[in-house]
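Chemist: starting from these lines, generate the structure:
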Amino acid sequence: MKKYLVSYITDILLSDKRRNRARVKTEKSRIKQGLPHILHVYLAIDDPASYLLLQVLLELKQRFAISYKFYIVLEKQSNMYPELDLWDANVLKDSQKLAALYQLTPPQQAIQDSDLILRASCQLVALADTEDFIAKALVLFTAYWQNDSAAVNNLIEQTVTENLAPYQTKLSNNQTELVQKGHYLSGLIYYGQEWYWGLERLQYLEQRLNDLLALSPKTVIYNKLHQLCLPLPNDWQEPDSTQVAPLTVYFSVRSPYSYLGLWRARKLAEHYQIPLTLKPVLPMLMRNLPVPKKKSMYIAHDTKREADEYALPFGKIADPLGAGVERCYSLFDYAQSQNKEVEFMCNFTQAVWAQRVWSDSDKGLKRIVEQSGLDWQQAHTHLADESWRNWAEANLKELYSLGLWGVPSFHYRNTAVFGQDKLLFIEQQIRDA
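Modeler: Take a look at the predicted model:
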């Protein structure tokens, strides 16, 4: 009974009606208090996503009648980052690609001196309420991401170095406020009860401000990551199917982002006529890795707006954790033997994330199996097969060998990326190849 109740409550929490009602309430409150549109910006100097976000804030302010309040953070919540070193390396790599995409100054190499990072963060705290914060912070961030310790040292005021305690307290308070508001990353904008992470989600803030301020024409600049399946060049030749490299997807059917990633990857592979190889792995919770509730709720809300952008349904959730995942994976080899593995996995993820189909029941799983063009009587005989555990573990090891850890991840030739919103970089590799 509890799982059904949670499913319906989640559907309500993710509904457009509830979001729109909250937005109207927030706007009425702002007008009543006579406040401007204030964007709360959370930055960390050792975060390359923060560096890129900082570079576009002036441009954003020129287009919209907004003001900023800055919060400097430093500590990362360890339970939110199961593989912190891999996370840091991957965010840096993605930030360099994003910088090229939007013609920004890319982060190069971070300073590794923890004492200097602390003092630089305290210097940013000292500047946070000044009118020219963005300009001064950019100088400091640029020196940091060019690994120029001497320049960073020169930018830190002596009064800050000699009196770190109050600034450290402010860093701690900012971190506490970030957690209380419901997030864990940096490089964030918080506006009207909603979060916008880095350049990856800035388009949703642009869309919201366009509507809120009734601007015409409505301009959205930071949406390039969502522009998948670009028109084929005039000289495009269909690849030789015997020689073309496959697009490999590492995913978990318990990951809502994997649901989006599978459908988008299939569309991309069909667009360029390349093979699609699926590599399922066990969900984090089934590998004894924590997924805190705060993180799960943000992911659910973020997946909803991403799904809306891609015109994919989302929200009627039947969590497959445990038996649902195991039953799905036990049928993968059978589906693959019928050349139906892509259809089966796409249908399964949509069923459990958008259609409230309970895969831990025969009724629910049968519906998915038959929708995929498979025979339920044959499929049913495979449900006791445990051999999938071997390839699921092998797939996970293969994923780590690529320098990645999370799902969905994608690999094509020399390019490997984490996140369904990074498929554009895979598309760029396909076009280059």
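
Chemist: could you check how far the nearest residue to residue 27 once chain neighbours are set aside is from residue 295?
Modeler: Using Cβ to Cβ, 6 or more residues apart in numbering and skipping the chain neighbours, the partner closest in space to residue 27 is residue 212 (6.9 Å). Quick note: C-beta positions are derived from backbone N, CA and C, even for glycine. As for residue 212, its distance to residue 295 is 28 Å (criterion: Cβ to Cβ, to the nearest Å).

Chemist: now do residue 56
Modeler: 26 Å.

Chemist: burial check on residue 227, number of neighbours?
Modeler: 9 (other Cβ atoms under 10 Å).

Chemist: just the one 3 residues further on next, same as before
Modeler: Summarising burial for residue 230: neighbours were counted as other Cβ under 10 Å, giving 13.

Chemist: look up the closest residue to it, ignoring the ones flanking it.
Modeler: residue 427 (6.7 Å).

Chemist: which SSE is that neighbour in?
Modeler: Assigned by DSSP states H and E, residue 427 belongs to helix 423-432.

Chemist: and for residue 306?
Modeler: Counting by DSSP H and E, residue 306 is found in helix 293-309.

Chemist: what's that helix packed up against?
Modeler: strand 194-197, helix 256-272 (3 or more Cβ pairs under 8 Å, 6 or more residues apart in numbering; DSSP states H and E).

Chemist: tabulate the ones you listed (JSON lines), appending mean pLDDT.
Modeler: Shown next, in JSON lines, are the helices and strands packed on helix 293-309 (pLDDT from 0 to 100):
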{"stretch": "strand 194-197", "mean pLDDT": "97"}
{"stretch": "helix 256-272", "mean pLDDT": "98"}
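
Chemist: which one of those lies closest to residue 67?
Modeler: strand 194-197 (15.8 Å; Cβ to Cβ).

Chemist: pLDDT (mean, whole number) over the helix or strand following the closest one?
Modeler: Using DSSP H and E, the next helix or strand after strand 194-197 towards the C-terminus is helix 202-212. In this model, helix 202-212 has an average pLDDT of 97.

Chemist: tell me the buried residues in helix 202-212?
Modeler: Going by neighbour count (16 or more other Cβ atoms under 10 Å), the buried part of helix 202-212 is 202, 203, 204, 205, 206, 208, 209, 210, 212.

Chemist: closest to residue 316 among the residues you listed?
Modeler: residue 204 (22.0 Å).

Chemist: how near is the closest one to residue 52?
Modeler: From residue 204 to residue 52 the distance is 16 Å (Cβ to Cβ).

Chemist: please apply the same query to residue 240.
Modeler: Relative to residue 52, and taking Cβ to Cβ, residue 240 is found at 39 Å.

Chemist: pick out whichever of those two has more residues nearby.
Modeler: Between residue 240 and residue 52, counted using other Cβ under 10 Å, the more crowded position is residue 52 (26 against 7).

Chemist: show me what the strand or helix carrying that one is packed up against.
Modeler: Secondary structure from DSSP H and E places residue 52 in helix 48-63. Judged by 3+ Cβ pairs under 8 Å, 6+ apart, the packing partners of helix 48-63 are strand 37-43, strand 66-72, helix 84-102, helix 133-145, helix 202-212.

Chemist: of all those, which one is nearest residue 219?
Modeler: helix 202-212 (7.2 Å).

Chemist: pop out the phi and psi values for residue 338.
Modeler: Backbone torsions of residue 338, given as degrees, to the nearest 10, read phi -100, psi 10.

Chemist: pLDDT weak spots in the chain?
Modeler: Along the chain, the parts satisfying pLDDT under 70 run over 241-242.

Chemist: give me the residue at the spatial middle of it.
Modeler: The C-alpha lying nearest the average C-alpha coordinate of the chain belongs to residue 419 (Cα atoms, centre = their mean; 5.9 Å).

Chemist: my guess is that one contacts residue 408. True?
Modeler: Yes. With contact defined as Cβ atoms under 8 Å, residue 419 reaches residue 408; the gap is 7.1 Å.

Chemist: give the residues shared as contacts by those two.
Modeler: 257, 261 (Cβ atoms under 8 Å, 6 or more residues apart in numbering).

Chemist: ok, the closest residue to residue 367 other than its chain neighbours - contacts?
Modeler: Sequence neighbours aside, residue 357 is the residue nearest to residue 367 in space, at 6.0 Å (criterion: Cβ to Cβ, 6+ apart). Going by Cβ under 8 Å, 6+ apart, residue 357 touches 318, 351, 364, 367, 368.

Chemist: which of those residues fall in helices?
Modeler: 351, 364, 367, 368 (DSSP state H).

Chemist: about what we covered before: the residue nearest to residue 367: what secondary structure?
Modeler: The three-state label for residue 357, taken from DSSP: H, G, I helix; E, B strand; the rest coil, comes out as coil.

Chemist: and what of the one 3 residues further on?
Modeler: Of the three states, residue 360 takes coil according to three-state DSSP.

Chemist: residue 322 is in contact with that one, correct?
Modeler: Yes. Counting by Cβ under 8 Å, residue 360 touches residue 322, with 7.2 Å between them.

Chemist: more neighbours, these two?
Modeler: residue 360 (19 against 13).

Chemist: now the more buried one: how far from residue 76?
Modeler: From residue 360 over to residue 76 (counting by Cβ to Cβ), the distance is 35 Å.

Chemist: picking up where we left off before, and the helices and strands packed on helix 48-63 as CSV, adding distance to residue 379?
Modeler: CSV is the format used below for the helices and strands packed on helix 48-63 (distance: least, Cβ to Cβ, whole Å):
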stretch, distance to residue 379
strand 37-43, 48
strand 66-72, 52
helix 84-102, 36
helix 133-145, 52
helix 202-212, 40
